[in-house]
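Engineer: pasting the sequence and the predicted coordinates here, then a few questions.
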Amino acid sequence: MTAISFTARSIENAAKARTQCTIVPVFTKKSLSAAAAQMDEASGGAVSAALSLGDFSGKRGETHLLPGTGGSKRLLLVGCGDRRKFDREAAREFTRAACRGIGATRARDAVIHTGELQMKDIDADWLLAYLARHLVSATYRYSETLSNTKPAMELNKVVINPGKKGSLRAHQRALDLGRFTGVGINETRDLANMPANICTPTHLAKEARKLARQHEDLSVQVLEEKKMQELGMGALLAVTAGTTQPAKLIIMQYKGGKSGQKPYVLVGKGVTFDTGGISLKPGAKMDEMKYDMAGAASVIGTLRAVVEMGLPLNVTGVIPAVENMPGSRAIKPGDVVTSMSGKTIEILNTDAEGRLILCDALTYVERFKPQVVIDVATLTGACVVALGSHASALYANDEKLAEDLLQAGIESHDRAWRMPLWDDYQQQLKSNFADLPNIAGPGGGSITAACFLSRFTEKYHWAHLDIAGTAWDASPKGATGRPVAMLTRYLMDRAGK
Ligand code: BES
Ligand code: MN
Ligand code: ZN
């Protein structure tokens, strides 16, 4: 993966900076930013000419590439719309357009002038973090199993001129935090995009160990099936019964906080491939079930970000990793198993396997005396029907935790929408042959799946994110890295960053 470095630096005259690409904001009504005006003057009026000729108007999201002038080889104009209406959404559009514009060139470095991008609703450092995160994310390209790949862009060095307001140190910190978030997102995308014949439970365990080797404060422990048997994880082991791939329970512990400080626990669904098992899925788009470990990937990516940021918190990641296959030893519809909690479960559909591995992992994490537990899972197709690809579904048994996560989603623009865990839905989970069934009567599939999980999380503050609709894009097919930005933001907020 390519790495970009970011530096915040004050630049008096944009035309004097030596760079392969100068990026300046331009507002509508021929309102140039100071940097754009400096470039205009140095170029003998190239920017004004583009505006007068109508090649470029400065409206939001518009870009225009001109030959460079002074110290820079290229000049990229980015439209920012009405100067007085520049808000968060405009800042996001600026970011997208700048990434697209620079990505279309072979520039290896760039200077971006953000000084005049003053927002009413948010401070400048928010924009710097957002910009860094997106530039890092824009450089991602999957390459693991391709013979010939070029990087998505050549860019590896970015200087930001944030103008005169605020301290350079604070600006630099914002850029660094954004970059770490981007790195975590890319790590998650890479793991999730990997095909299931490579990305097995064993591979996930190996990747977690690799991360721990790079960082003092992170330790990893992997429990094998024998240990899970001793712990009584009958629900998790039921799912892995049909495959020859050994299941793993991966435990990652980051100790950035005081010893004895209760950890924030993240639990990620790690089904490295979901065929449905004996309740076999239909063939169409079944390849996408390699993404059924996207929750696990997001836990690893979030930990990577948090560790690199050095947040003063204790964070524990737990990943139940299995492959869901049909086979002569596979579980069958109607089988009853005993979970680690002691509750018995009637498995009416072997394709509702995520909740089976999660319920044992959620019981296991009680031992960490968690501050909160957040699980992340591509849990239900019904979630995609309900919310599409824009919002993750959020469930919680604690109001503050729900509010904090929703807020982190808004701040990072990686949003969730709260869903109910009402008793009316809980009533749908009834079995004649076990304490509870693994599927519920018609309707509300994402909700009843969350209700199932809620039966195993009564001892702590808990939230569940159903990311079935948000973890990957269908076209062009690829992992999004969600909800790493939300989770990282949530943890940064807890650390007071
Ligand atoms: N991994 C799937 C959920 C899924 C399906 C995510 C499609 C994204 C796209 C999960 O294990 C599953 O199969 N759920 C079933 C539950 C049903 C059997 C109650 C589903 O959603 O169909
Ligand atoms: Mn399934
Ligand atoms: Zn699944």
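Structural biologist: Arrived safely. Ligands and ions are numbered 1, 2, ... in the order given.
Engineer: next, count neighbours for the residue in the stretch 301-450 of the chain that ligand 1 sits nearest to.
Structural biologist: Here the residue of the stretch 301-450 of the chain nearest ligand 1 is Gly381; by Cβ to the nearest ligand atom that distance is 3.3 Å. All C-beta spots, glycine's among them, are computed from the backbone N, C-alpha and C. Applying the criterion other Cβ atoms under 10 Å, we find 14 residues in the vicinity of Gly381.
Engineer: that one against Ala468, yeah?
Structural biologist: Yes: counting by Cβ atoms under 8 Å, a contact exists between Gly381 and Ala468, whose distance comes to 6.4 Å.
Engineer: show me which residues of the chain sit near ligand 2.
Structural biologist: Taking Cβ under 5 Å from the ion as the test, the list of the chain residues beside ligand 2 reads 274, 351, 353.
Engineer: grab the longest helix from the chain for me.
Structural biologist: helix 168-193 (DSSP state H).
Engineer: and the stretch 201-350 of the chain, which of its residues are near ligand 3?
Structural biologist: 271, 274, 292.
Engineer: just those residues: which are in strands?
Structural biologist: For these, the ones inside strands are 271, 274, with DSSP state E as the criterion.
Engineer: kindly identify which of the residues of the stretch 201-350 of the chain next to ligand 3 also come near ligand 1.
Structural biologist: Judged by Cβ under 6 Å from any ligand atom, the overlap between these and the neighbourhood of ligand 1 comprises 274, 292.
Engineer: contact partners for the closest residue in space to Thr350 that isn't next to it in sequence?
Structural biologist: On the basis of Cβ to Cβ, 6 or more residues apart in numbering, the spatially nearest residue to Thr350 that is not a chain neighbour turns out to be Gly277, at 3.3 Å. Gly277 is in contact with 239, 242, 324-326, 330-331, 350-351, 353, counting by Cβ atoms under 8 Å, 6 or more residues apart in numbering.
Engineer: ok so, going back, give me every residue that touches the residue of the stretch 301-450 of the chain closest to ligand 1.
Structural biologist: For Gly381, the contact set (Cβ under 8 Å, 6+ apart) comprises 445, 468.
Engineer: and the gap between it and Ile357?
Structural biologist: Gly381 sits 17 Å away from Ile357, going by Cβ to Cβ, to the nearest Å.
Engineer: likewise for Lys227?
Structural biologist: 15 Å.
Engineer: those two - which one has more neighbours?
Structural biologist: Set side by side, Lys227 and Ile357 show more neighbours around Ile357, with 28 against 12, by other Cβ under 10 Å.
Engineer: state the number of residues packed around Asp404.
Structural biologist: 18.
Engineer: ok, how many other residues are close to the residue nearest to it when sequence neighbours are not counted?
Structural biologist: Beyond its immediate neighbours in the sequence, the residue positioned closest to Asp404 (Cβ to Cβ, 6+ apart) is Tyr490, lying 6.1 Å away. Under the neighbour criterion other Cβ under 10 Å, Tyr490 is assigned a count of 26.
Engineer: quick one, phi/psi of Tyr490?
Structural biologist: In this entry, Tyr490 is assigned phi and psi values of phi -60, psi -50 (degrees, to the nearest 10).
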